[in-house]
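**Student:** have a look at this fold, sequence not included:
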């Protein structure tokens, strides 16, 4: 074997899956469309002080499967009320949804084998917290900046830095935003490459589909995360948002 050169095949399949065909992109777009309909329906059934986080997560799954015939949810639906929204990877509990508090919903559905992943914030009640409102606008602008500035040729770590640098300018460093900016998505909800300082380097080529999910988490108060599923259009060299749900603060 002296004359044979062994070439590492680390992540070879994952790298092939990173760039999507238009057929794949359209399936993810359809998943986002179904998710939008499910989300808009549940806004009418939320009962603060009666319904628990688990209750709402179960209702979302029921509507998705019964009415929209989805194969399955992309992952366990996350519903977190009040101070529990400050847990980036929290799971729904028997905690009742509290009035005059934020409600974080992170969910996705699977359509013809392809996933979407969306997070939205709801304010439950009429007395909106001023601090929450101010930070929400910062997080929302962070997401907008990333979508505006992400182009072919950028490295995944550079995309992550767009968000991190902007949040840091308001004092929200890694202590407030500790997770990756986003991840690729397709057949699996978490694919490569990730938009992260810790991820293997990837230079954007176009037609990657990924999430953008900046957040600010203040322990024992609240967390704010806004997440869109998007793709980098190869022809237009710009981000196309597949998530057609308003990013305005939703009040119920």
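**Tutor:** Happy to help now that I have it. These figures come from a predicted structure and were not determined experimentally. Numbering: from 1, shown residues only.
**Student:** contact partners for the closest residue to residue 21 other than its chain neighbours?
**Tutor:** Of all residues not flanking residue 21 in the chain, residue 207 sits nearest, at 7.6 Å (CB to CB, 6 or more residues apart in numbering). (C-beta placed from N, C-alpha, C; glycine too.) Counting by CB atoms under 8 Å, 6 or more residues apart in numbering, residue 207 touches 19, 20, 21, 22, 25, 231, 232, 233, 234.
**Student:** any idea how far the second one is from residue 79?
**Tutor:** Counting by CB to CB, to the nearest Å, the gap between residue 20 and residue 79 amounts to 29 Å.
**Student:** between these two, who's got more neighbours?
**Tutor:** Counted by other CB atoms under 10 Å, residue 20 and residue 79 do not tie: residue 79 has more neighbours, with 31 against 23.
**Student:** tell me the secondary structure at the more buried one.
**Tutor:** Look at residue 79: counting by DSSP: H, G, I helix; E, B strand; the rest coil, its state is strand.
**Student:** now do the contacts for it.
**Tutor:** Residue 79 neighbours (CB under 8 Å, 6+ apart): 53, 54, 56, 57, 60, 92, 97, 103, 104, 105.
**Student:** can you tell me the closest non-neighbouring residue to residue 37?
**Tutor:** residue 68 (6.5 Å).
**Student:** can you give me the pLDDT of that neighbour?
**Tutor:** Residue 68 is assigned 97 on the pLDDT scale.
**Student:** now swap in residue 8 and tell me
**Tutor:** pLDDT, residue 8: 52.
**Student:** would you map the strands across this structure?
**Tutor:** 78-81, 101-107, 110-111, 114-115, 118-124, 182-184, 191-195, 209-212, 215-218, 222-225, 228-233, 238-241, 250-251 (DSSP state E).
**Student:** ok so, going back, residue contacts, the residue nearest to residue 37?
**Tutor:** Contacts of residue 68 (CB under 8 Å, 6+ apart): 34, 37, 38, 109.
**Student:** tell me the buried residues within the residues you listed.
**Tutor:** 34, 38, 109 (16 or more other CB atoms under 10 Å).
**Student:** in helices, which of those residues fall?
**Tutor:** Among the buried ones among the contacts of residue 68, the members falling in helices are 34, 38 (criterion: DSSP state H).
**Student:** JSON lines please, covering the buried ones among the contacts of residue 68 and showing distance to residue 88 and pLDDT.
**Tutor:** Output for the buried ones among the contacts of residue 68, formatted as JSON lines (distance: CB to CB, whole Å; pLDDT from 0 to 100):
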{"residue": "34", "distance to residue 88": "25", "pLDDT": "98"}
{"residue": "38", "distance to residue 88": "23", "pLDDT": "98"}
{"residue": "109", "distance to residue 88": "21", "pLDDT": "99"}
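**Student:** pretty sure residue 128 is touching residue 250, no?
**Tutor:** No. Using CB atoms under 8 Å, residue 128 is not in contact with residue 250, being 11.2 Å away.
**Student:** returning to what we had before: list only buried entries from the contacts of residue 207.
**Tutor:** 19, 20, 25, 231, 232.
**Student:** please report phi then psi for the second one.
**Tutor:** Residue 20 has phi and psi values of phi -100, psi 150 when expressed as degrees, to the nearest 10.
**Student:** any figure for the gap between it and residue 242?
**Tutor:** Taken as CB to CB, the span from residue 20 to residue 242 is 11 Å.
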